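# Take this sequence and fold it.
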Amino acid sequence: MRLAVCAEMVFTDLPLVERVERIHAAGFDVEIWDHTSKDIEALKNTGATFSSMTGYISGSLTFDQDELLKTAEQSIEVAKALNCPRLNLHGTELGEGGLPRVPQYEVSGEMWLSAANTLTELAKLGERNDVMFVLENLNTAVDHPGVPFARAADTHALVKAVGHPNLKLMLDLYHAQIGEGNLIALLEKTLPEIGEIQVADVPGRCEPGTGEINYPAIARALRRIGYTGTVGLEAFAHSDSDLALRRFRDAFTNEEI
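Residues are numbered from 1 along each chain as shown. Predicted coordinates:
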């Protein structure tokens, strides 16, 4: 497994480029979010390996689909510049504080069909550009109320329905613990569709070892089922960012824990 760290959530007292440099120096790959406010050339010059980034600027799976596809193309160009292989998607466009710009509390059959059709077009776009789109599950109880297709069961159903190698899951275990639980069984069930895994502990969304999830057991399960992809820390530092990175590494590399 490769380990990555989200630069948006650690070393938050530093400018983003310096955060990326610190993460890279510690031996991790790097995840970033929206590219529009970032100095892409400066990020390239850090020498970091970028694991994933947000794959759109605006638009939705069920409305403004043309806008979603257009901004996904723009995001692909940035991903190519950073040599970033995965572009992250959500059930709908997120705004300030991670809240949906247009909340959708009820999901109709028509919305499911629209989402599957839009994801099919995105998968084809990814194939043409040799990148992978990954659809992230979220939680609606704490962080993202009003987001459709939020549960891991929903994102998994959509990815399986599309059935394209350039569309996979961004399986976020923090969100899944809040929304569904039973994480090891979830990993076993979704393994063929996983493009990347993200982690944080519950409650608090901080690094492994600060909450209720037994991440060393998760790591052992991943090794047992043969997962060799990336695990990304998308978590706030509970106290100190260097300590958070050490705890993350220990949880996923220390066989004796």
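
# Let me know how buried C84 is, in neighbour terms.
By other CB atoms under 10 Å, the residues close to C84 number 24. C-betas here are computed from N, CA, C, even on glycine.

# meant to ask about M170, not that
Neighbour count for M170, taken as other CB under 10 Å: 30.

# Which helix or which strand is home to A157?
helix 152-162 (DSSP states H and E).

# any idea which helix or strand comes after that helix?
strand 167-172.

# Tell me which other helices or strands the helix or strand that that next one is followed by touches.
The helix or strand immediately downstream of strand 167-172 is helix 173-179, counting by DSSP H and E. Here helix 173-179 touches helix 152-162, helix 183-190, strand 194-199, going by 3 or more CB pairs under 8 Å, 6 or more residues apart in numbering; DSSP states H and E.

# Contact partners for A150?
Contact analysis of A150 by CB atoms under 8 Å, 6 or more residues apart in numbering lists 91, 137-140, 144, 175, 179.

# rerun at 10 Å
90-92, 100, 104, 107, 136-141, 143-144, 175, 179 (CB atoms under 10 Å, 6 or more residues apart in numbering).

# longest helix in the chain, by residue count?
helix 109-129 (DSSP state H).

# buried stuff in that one?
Residues 111-112, 114-116, 118-120, 122-123, 125-126, 129 are the ones in helix 109-129 that count as buried (16 or more other CB atoms under 10 Å).

# Name the residues of the helix holding A157 that come out as buried.
Within helix 152-162, the residues that count as buried by 16+ other CB under 10 Å are 152-159, 162.

# what does stretch 41-49 give?
43, 46, 48-49.

# Ok, stretch 49-61 next?
49-57, 59-61.

# Out of those, name the ones that lie in strands.
Judged by DSSP state E, strands contain the following of the buried residues of stretch 49-61: 50-54.

# picking up where we left off before, check the contacts of A150 and tell me the two furthest apart.
V107 and D143 (18.2 Å; CB to CB).

# Mark which of the contacts of A150 are buried, thanks.
Counted by 16+ other CB under 10 Å, the contacts of A150 give 90-92, 100, 104, 136-140, 143-144, 175, 179 as buried.

# what would those look like in CSV with secondary structure?
Formatted as CSV, the buried ones among the contacts of A150 follow (DSSP: H, G, I helix; E, B strand; the rest coil):
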residue, secondary structure
H90, coil
G91, coil
T92, coil
P100, strand
Q104, coil
E136, strand
N137, coil
L138, coil
N139, coil
T140, coil
D143, coil
H144, coil
H175, helix
G179, helix
